[in-house]
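Undergrad: Need a 3D model of the sequence below.
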Amino acid sequence: MLVIIPFKADEPKSRLGKVMTKTERRKFAYMMLEDVIDQVERASLDWRVLATSSVPLDNVIIDKRDLNTAINSLIPDKTPLMVVMSDLPLIKSEHLKKILEKNADVVIAPGRRGGTNILAVRSSKFRVSYYGASFCKHVQKARQLSLSLEIFDSFFTSIDIDGVEELIELLIHGNGKSKAYLKSLGFSLNYDSTIPELYRPKELLP
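TA: The predicted model follows:
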């Protein structure tokens with residue numbers, strides 16, 4: 001199964017602007033992408049990065065169209081395929097292998113707040129509908145097409161790194177390049193409060 005990894009190369013992770021500079025956010029996003037690619041390769045899967053602009057990798061498809069249009073243009077010829085978001089640095093190859101073991105036409109690993117973090121599609125009739133509550137939209141689409149559907153429920157696949165709260169999860173549970181990069185920027189966790197809090201020295205904030 002081919003894995004498609006969407007990657008927004010131009011203005012990634014704008015919600016982290018209060019704790020990272022633009023340059024740091026770009027580097028951080030790329031480190032997460034490398035973490036995801038590493039796990040995809042460990043699962044022995046072929047992959048392509050679907051990027052909005054040039055990325056220093058070999059397996060890259062450049063497509064400036066919106067995400068839905070870009071992925072839906074690939075489904076007829078590339079099915080079966082799996083769409084794995086590039087900001088999932090906590091996923092492991094074992095998660096991808098377990099998703100592959102499911103025989104449903106559509107397998108969804110939901111993200112928090114109603115998103116879709118991983119989507120495996122075996123039917124060329126299916127079309128993606130990202131943005132907003134995409135998990136609900138994908139479930140509805142599968143049912144409308146009478147396709148078999150399975151939900152892959154995992155804490156680690158549910159964590160997509162968008163805001164400060166998710167950085168905390170990465171520092172607790174991560175072990176890849178993106179966590180190492182956060183630590184190199186001076187990020188750490190303050191355990192003195194009731195729940196862990198993200199800390200970065202003021203002189204290192206943007």
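
Undergrad: ok, the most centrally placed residue in the chain - contacts?
TA: In the chain, the centroid-proximal residue (Cα atoms, centre = their mean) is M85; its distance is 2.5 Å. Residues counted as contacts of M85 (Cβ atoms under 8 Å, 6 or more residues apart in numbering) are I5, P6, V36, G111, N117, I118, D160. Using the backbone N, CA and C atoms, a C-beta is placed for each residue, glycine as well.

Undergrad: Kindly provide the distance from it to K202.
TA: 32 Å (Cβ to Cβ, to the nearest Å).

Undergrad: buried sites along stretch 136-147?
TA: K137, H138, V139, K141, A142, L147 (16 or more other Cβ atoms under 10 Å).

Undergrad: I'd like to know the average pLDDT value across that stretch.
TA: On average, the pLDDT along stretch 136-147 is 98.

Undergrad: and if you look at stretch 115-123?
TA: On average, stretch 115-123 scores 98.

Undergrad: can you list the residues that contact it?
TA: Against stretch 115-123 from outside (Cβ under 8 Å, 6+ apart): 1, 75, 79-85, 88, 91, 95-96, 99-100, 102, 104-111, 128, 130, 133-135, 138, 145, 147, 152, 157-158, 160.

Undergrad: Which of those residues fall in strands?
TA: Those of the contacts of stretch 115-123 mapping onto strands are L81, M82, V83, V84, V106, V107, I108, A109, P110, per DSSP state E.

Undergrad: In JSON lines: those residues, plus distance to L67 and neighbour count.
TA: Listed next are the ones in strands among the contacts of stretch 115-123 as JSON lines, based on distance: Cβ to Cβ, whole Å; neighbours: other Cβ atoms under 10 Å:
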{"residue": "L81", "distance to L67": "14", "neighbour count": "20"}
{"residue": "M82", "distance to L67": "15", "neighbour count": "23"}
{"residue": "V83", "distance to L67": "9", "neighbour count": "22"}
{"residue": "V84", "distance to L67": "13", "neighbour count": "25"}
{"residue": "V106", "distance to L67": "17", "neighbour count": "22"}
{"residue": "V107", "distance to L67": "19", "neighbour count": "23"}
{"residue": "I108", "distance to L67": "16", "neighbour count": "23"}
{"residue": "A109", "distance to L67": "17", "neighbour count": "28"}
{"residue": "P110", "distance to L67": "17", "neighbour count": "23"}
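
Undergrad: Now for I159, how many residues are close by?
TA: I159 sits with 22 neighbouring residues when counted by other Cβ atoms under 10 Å.
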